[in-house]
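J.: coordinates only, sequence not included:
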């Protein structure tokens with residue numbers, strides 16, 4: 001039991017570390033998105049394919065997430081915001097898509113909007129995990145995703161408390177994320193100690 005809990009905690013921490021970076025979102029799933037991430041900004045054929053796929057089927061949550069992710073990787077947070085905002089309301093309830101919007105706001109220097117959106121993503125994920133009937137229209141969310149959302153929210157709250165106006169150009173941003181990771185590690189250690 002003790003080893004299994006440690007392995008689970010390690011996996012969650014690794015997932016959290018990869019999910020935290022606003023400029024390097026954790027996963028890109030389609031071939032078109034992978035092609036875009038691997039290419040220079042000048043070669044846009046893979047991006048065009050992904051944009052076309054989203055335009056043809058606005059109800060495809062995975063593709064919409066991927067498009068926002070690719071825009072963030074290409075350093076285009078404004079386009080990521082537009083892609084998320086153009087999604088139908090039923091997709092906008094997704095915690096991960098809301099998280100991408102928070103990341104885009106952060107990359108745009110809109111820290112207050114990023115924090116409010118991160119709080120919304122966190123609340124949506126909590127709701128989805130609760131199993132409440134009120135949350136049946138919210139797409140599923142995992143415990144690992146919840147932990148990553150909590151860490152992102154904590155980092156943004158710290159940036160807001162410190163008065164950071166533009167996270168991209170303020171050296172305190174890295175420190176805020178390190179503190180959020182440290183808080184998560186301490187919480188996971190406390191959880192492990194409580195389980196023993």
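T.: Nice, thanks for sending it over. Source: prediction; values computed, not measured.

J.: contacts and neighbour counts: CA atoms only from here.
T.: Fine.

J.: and the spatially most central residue of the chain, how close does it get to residue 154?
T.: Residue closest to the average C-alpha location in the chain (CA atoms, centre = their mean): residue 99, at 4.0 Å. Distance of residue 99 to residue 154, given as CA to CA, to the nearest Å: 13 Å.

J.: do residue 162 as well
T.: Separation of residue 162 from residue 154 (CA to CA): 12 Å.

J.: so between the two, which is more surrounded?
T.: residue 154 (22 against 12; other CA atoms under 10 Å).

J.: please, which helix or strand holds that one?
T.: Element membership of residue 154 [criterion: DSSP states H and E] is helix 143-162.

J.: which residues of the protein score low on pLDDT?
T.: 1-44, 187-188, 190-196 (pLDDT under 70).

J.: can you pull out the helices in it?
T.: Using DSSP state H, the helices of the chain run over residues 2-20, 31-38, 45-56, 61-73, 77-85, 89-92, 95-107, 111-130, 143-162, 172-195.

J.: out of those, nearest to residue 136?
T.: Nearest to residue 136, of all the helices of the chain, is helix 111-130, at 7.3 Å by CA to CA.

J.: just checking, what packs against that closest one?
T.: Under the contact definition 3 or more CA pairs under 8 Å, 6 or more residues apart in numbering; DSSP states H and E, helix 111-130 sits against helix 95-107, helix 143-162.

J.: most tightly surrounded among those?
T.: Compared across the helices and strands packed on helix 111-130, helix 95-107 shows the largest average neighbour count, a mean of 27 (mean count of other CA atoms under 10 Å).

J.: and the contacts of that one?
T.: Outside helix 95-107, the residues within contact range by CA atoms under 8 Å, 6 or more residues apart in numbering are 22-23, 64-65, 68-69, 72, 77-78, 80-81, 84, 91-92, 111, 113-118, 120-122, 124-125, 138-139, 141, 145, 149, 166-168.

J.: buried residues in stretch 56-69, which are they?
T.: 58, 61, 63-69 (16 or more other CA atoms under 10 Å).

J.: need those in a markdown table with distance to residue 182, can you?
T.: Below are the buried residues of stretch 56-69 laid out as a markdown table (distance: CA to CA, whole Å):
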| residue | distance to residue 182 |
| --- | --- |
| 58 | 38 |
| 61 | 32 |
| 63 | 33 |
| 64 | 32 |
| 65 | 28 |
| 66 | 29 |
| 67 | 31 |
| 68 | 28 |
| 69 | 26 |
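
J.: can you tell me which of these is nearest residue 134?
T.: Comparing these against residue 134 with CA to CA places residue 61 closest, at 20.6 Å.

J.: name the nearest residue to that closest one, sequence neighbours excluded.
T.: residue 91 (6.0 Å; CA to CA, 6 or more residues apart in numbering).
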